[in-house]
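Visitor: Let's see this in three dimensions:
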Amino acid sequence: MHEISRRRFFRLSADAGTAFPAGLLLLRGVGMIPSQDVLGHVESRICQLTAGYERNPIGATALYLRRHQPVVRAMLVEGGRSTAVDARLHRAAGRLAALWATTRHDVGDSTCARVSFAEAFEHADLARDRPLQAWVRLWQSSLARKAGRLDDALQLARDASAHVGTRAPVAGRAAAIEARVLAAMGDRPGVHLAIDRAWRVEGTLTAEQRGVPGFSIDTLNPLTLAELSAAAYVELGATRAARVYTDAALHRLDQAGATGLRSMARIAAATAELHQGDADRAEALVNEALDISAHRPNAVMTRRARRFLSDARRRVGHHPGMTGIATRLDTWDLPAVPA
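Guide: Numbering: from 1, shown residues only. This is a model prediction of the structure:
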């Protein structure tokens, strides 16, 4: 079934993205013991904020979170609630903390991101929010990989799967993140097996579980998985394999409007072009990626683009276009997000 699903991904187009709502999480005048309406409002706004995360400026997202995390935390301090209400508040607090951690990561503040992801995991545990627990473990795995702690990164990626069933969307994401770590370790067979497992999971998902492309905690779209697959193969140096996924995904990602995925898939495609000797095409793809993310600069894009430049210098030496990319990155300011 997974092979049918993967072939279907390469044929079909994805759905369009979700618009960013106005007035997120405005809870003025709310008491510390929330009504069902207030709880529903908070949960709805968190879902909308999550759905719009990668399409909107990081600073704007962080501002909403900075204002309203204390509101939910204050609700948790108050007594007199049922266990069910407590669980819903912990779930909300966990997801807000996870989003805040993601904003910190995306502006290059790994220290604050680690602290906030740990807070999110604790709330998720108290809420029995297993998808969030698994999702946080994957972020922690990525942070460990970037810090060079590959054994820890691999264990965290594998721990993520223990929190959910094998048919959960986050299980597919976990397999793809595991593949990225194995690629950093140079384990070629392991990467192939993990990517295959990720697509097997994707093949079992319902339309609701696939959702739309882009940032998500509870869904895994095949376009998202394609970008994760390409990233793992780029890490491995298997750029022909990466290109299979980027070639299939780029146009459909543009249709979906998922800013982060569109940019990152282009960096992966650029690396593949570079390795196949087309430096001009590679340069064009990186510039497209920077254009797409110009309204939403972030540390992930900066890191991947600089890694591409290092690779390009080794392969083609001095190239005017690569110098232009370096200049753009030097003047590409990350958003100022207060800690």
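
Visitor: Not counting sequence-adjacent ones, nearest residue to Trp135?
Guide: Spatial nearest neighbour of Trp135, chain neighbours left out: Ile217 (5.0 Å); criterion: C-beta to C-beta, 6 or more residues apart in numbering. Any C-beta I mention is one placed from the backbone N, CA and C, and that applies to glycine too.

Visitor: got any ranges where the chain has weak pLDDT?
Guide: Counting by pLDDT under 70, the chain contains low-confidence ranges at 1-35, 79-80, 336-339.

Visitor: Now the phi/psi pair for the residue minimising distance to the centre of it, please.
Guide: Taking C-alpha atoms, centre = their mean, the centroid of the chain lies closest to Phe215, which sits 5.2 Å from it. In terms of degrees, to the nearest 10, the main-chain angles of Phe215 are phi -60, psi 130.

Visitor: Leu99 versus that one, what's the distance?
Guide: Separation of Phe215 from Leu99 (C-beta to C-beta, to the nearest Å) stands at 9 Å.

Visitor: Quick check: neighbours shared by these two?
Guide: Counting by C-beta atoms under 8 Å, 6 or more residues apart in numbering, the contacts common to Phe215 and Leu99 are Thr50, Tyr53.

Visitor: about what we covered before: Provide a list of residues in contact with the residue nearest to the centre of the chain.
Guide: Counting by C-beta under 8 Å, 6+ apart, Phe215 has contacts Thr50, Ala51, Tyr53, Glu54, Thr102, Ala258, Gly260.

Visitor: Kindly give a single PyMOL line that selects the buried subset of those.
Guide: In PyMOL, a selection of the buried entries from the contacts of Phe215 looks like this (16 or more other C-beta atoms under 10 Å):
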select buried, resi 50+51+53+54+102+258+260
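
Visitor: farthest pair in the contacts of Phe215?
Guide: Farthest apart among these by C-beta to C-beta are Thr102 and Ala258. That separation is 15.0 Å.

Visitor: three-state assignment of the residue nearest to Trp135?
Guide: coil (DSSP: H, G, I helix; E, B strand; the rest coil).

Visitor: thinking it is in contact with Cys47, fair?
Guide: No - using C-beta atoms under 8 Å as the test, Ile217 is too far from Cys47 to be in contact (9.3 Å).

Visitor: Who has more neighbours out of these two?
Guide: Ile217 (23 against 15; other C-beta atoms under 10 Å).

Visitor: Which is the succeeding secondary structure element to the helix or strand harbouring Thr302?
Guide: Element membership for Thr302 (DSSP states H and E) is helix 299-316. Next along the chain after helix 299-316, taking DSSP H and E as the criterion, comes helix 320-330.

Visitor: Run the angle between that next one and helix 299-316 for me.
Guide: 160 degrees (axes from the mean of the first three to the mean of the last three C-alpha atoms, to 10 degrees).

Visitor: just checking, what packs against the helix or strand containing Val244?
Guide: Element membership for Val244, per DSSP H and E: helix 239-256. Secondary structure elements in contact with helix 239-256, counted by 3 or more C-beta pairs under 8 Å, 6 or more residues apart in numbering; DSSP states H and E, are helix 222-236, helix 259-275.

Visitor: Starting from the longest one, tell me the next helix or strand along the chain.
Guide: Past helix 259-275, heading to the C-terminal end, the next element that is a helix or strand (DSSP H and E) is helix 279-292.

Visitor: Show me what counts as buried in that following helix.
Guide: Ala279, Ala282, Glu283, Leu285, Val286, Asn287, Glu288, Ala289, Leu290, Ile292.

Visitor: Pull that helix out as CSV, backbone CA atoms only.
Guide: Presented in CSV, the C-alpha positions along helix 279-292 are these (Å, rounded to 0.1, in the frame of the first residue of the first chain):
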residue,chain,number,x,y,z
ALA,A,279,25.8,25.8,-10.8
ASP,A,280,23.7,28.4,-12.6
ARG,A,281,20.5,26.5,-12.1
ALA,A,282,21.5,25.8,-8.4
GLU,A,283,22.1,29.6,-7.9
ALA,A,284,18.7,30.4,-9.4
LEU,A,285,16.9,28.0,-7.1
VAL,A,286,18.6,29.4,-4.0
ASN,A,287,17.7,32.9,-5.0
GLU,A,288,14.1,31.8,-5.5
ALA,A,289,14.2,30.3,-2.0
LEU,A,290,15.5,33.6,-0.5
ASP,A,291,12.8,35.5,-2.4
ILE,A,292,10.0,33.3,-1.1
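
Visitor: what separates that helix from the chain centre, distance-wise?
Guide: In terms of C-alpha atoms, centre = their mean, to the nearest Å, the gap separating the centre of helix 279-292 from the centre of its chain is 21 Å.

Visitor: what angle sits between that helix and helix 259-275?
Guide: Going by the same axes, to 10 degrees, helix 279-292 makes 170 degrees with helix 259-275.

Visitor: Give me the helices and strands touching helix 279-292, please.
Guide: Using 3+ C-beta pairs under 8 Å, 6+ apart, the elements in contact with helix 279-292 are helix 259-275, helix 299-316, helix 320-330.

Visitor: Can you tell me what sits against that helix?
Guide: Here helix 279-292 makes contact (C-beta under 8 Å, 6+ apart) with 259, 262-264, 266-267, 269-271, 273-274, 301, 305, 308, 312, 315-316, 319, 321-322, 324-325, 328-329, 332.
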